[in-house]
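**Student:** 3D, please:
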Amino acid sequence: MTEQPRPAITAMWAWDNPVDPALDARGRGYAPAAADRLAAFARAGGLQHVYVLAPTLPPALPTARSGSSGPARGPVDAWLAEAVTALHDAGVTVSAVAGARAATPHWVDAVTALAPFDRLQVAVVPWAGPGEGRTAADVGAATADAVVAVSDVAGSLPVDVCVPWWFATTTTDDGRSLLDPLLGSVGAVALAAPAAHAEGPDGVLERAAPAVDALVAAGRPFTVGVQADTPELAGGSEHTFFDEGPVALIRECGTVAAALAGVPGFGGVAVKAHRAWRRLLGV
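**Tutor:** Numbers count the residues shown, from 1 in each chain. Reported below is the predicted structural model:
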């Protein structure tokens, strides 16, 4: 039997949930994110991994372990549990994702109590550059601190990170890149290298190259992240396939996957995010 080629796109971020914001402040009201529909989309795309944003409620009751408060529950938590089950039934592994500011020991306690996530991911957003009032060094330090805090309480769960391409080329006062402190402490890296084309100046491959070299040298598995978000959300049309359309997204992701196919640790392309990808496809 001839082995089927692996799809170029192997992962995606699911940034939205179907919960009515009137019922839970964390709700996004996005119906296609219902557990069964999310799993069906992942299965249809041949995805291996889904990175699910897992926001938690503020601490509720004190826990015996740390004296801090235990996980609170709400409709979004129920959806998370259903989504993980549905994705697992579809043969997809699931990472719980939080931004660096939200990735705390309480967050780990909360998400691991909700569902059997396969991995945890500390994510840097936005990808285009530091948010207003923050420097690249601030973002790098916050990310490294969050990885340590999460790893200290994660037990056997692998702790991964999502970082943008400029982490590999931005250095701090000690001459090390923002990526360097993470290479020895994370399980895998989702390397965000968003662009509107794969090859050439400011393309996905050019942006990713310095980080890919560092990841290979460190022996870290990785995916390469691209965006389907609107230019407003992505930080400019040069960071997304939104204006290029679905055919370009598939074609250019194929080009990225073909170029990196022989690179140790490369695990395919990841798309941000579920809602944007569906909108691009018109489904």
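
**Student:** avg pLDDT for the helix or strand harbouring residue 280?
**Tutor:** Element membership for residue 280, per DSSP states H and E: helix 274-281. In this model, helix 274-281 has an average pLDDT of 97.

**Student:** centre of the chain versus that helix, how much separation?
**Tutor:** Chain-centre distance of helix 274-281: 16 Å, with Cα atoms, centre = their mean, to the nearest Å.

**Student:** same thing with stretch 185-204?
**Tutor:** 12 Å.

**Student:** end-to-end on it?
**Tutor:** With Cα to Cα, to the nearest Å applied, stretch 185-204 spans 25 Å between its terminal residues.

**Student:** quick check: which ranges of the protein have low pLDDT?
**Tutor:** Across the chain, the ranges flagged by pLDDT under 70 are 1-5, 59-72.

**Student:** send the alpha carbons of the helix holding residue 280 over as CSV?
**Tutor:** What follows is helix 274-281, C-alpha atoms only, in CSV (Å, rounded to 0.1, in the frame of the first residue of the first chain):
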residue,chain,number,x,y,z
HIS,A,274,-9.6,28.3,13.4
ARG,A,275,-12.2,31.2,12.9
ALA,A,276,-10.0,33.0,10.4
TRP,A,277,-9.2,29.9,8.5
ARG,A,278,-12.9,29.0,8.2
ARG,A,279,-13.6,32.5,7.0
LEU,A,280,-10.9,32.3,4.4
LEU,A,281,-12.4,29.0,3.2
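
**Student:** what's in contact with that helix?
**Tutor:** Applying Cβ atoms under 8 Å, 6 or more residues apart in numbering, the set of residues contacting helix 274-281 from outside is 12-16, 30, 32-33, 38, 41, 50, 227-230, 233, 241-242, 245-246, 249, 271. (C-beta placed from N, C-alpha, C; glycine too.)

**Student:** swap in 10 Å and give it another go.
**Tutor:** The contact list for helix 274-281, computed with Cβ atoms under 10 Å, 6 or more residues apart in numbering, reads 9, 12-16, 28, 30, 32-33, 37-38, 41-42, 45, 50-53, 227-230, 233-234, 240-242, 244-250, 271, 283.

**Student:** count the neighbours of residue 57 for me.
**Tutor:** Using other Cβ atoms under 10 Å, residue 57 has 17 neighbouring residues.

**Student:** so how far is residue 114 from it?
**Tutor:** Distance of residue 57 to residue 114, given as Cβ to Cβ, to the nearest Å: 11 Å.

**Student:** if we can go back for a sec, in PyMOL, how would I select just the buried ones from the contacts of helix 274-281?
**Tutor:** Only the buried entries of those go into this PyMOL selection, using 16 or more other Cβ atoms under 10 Å:
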select buried, resi 9+12+13+14+15+16+28+30+33+37+38+41+42+45+50+51+52+53+227+228+229+233+234+240+241+242+244+248+249+250+271
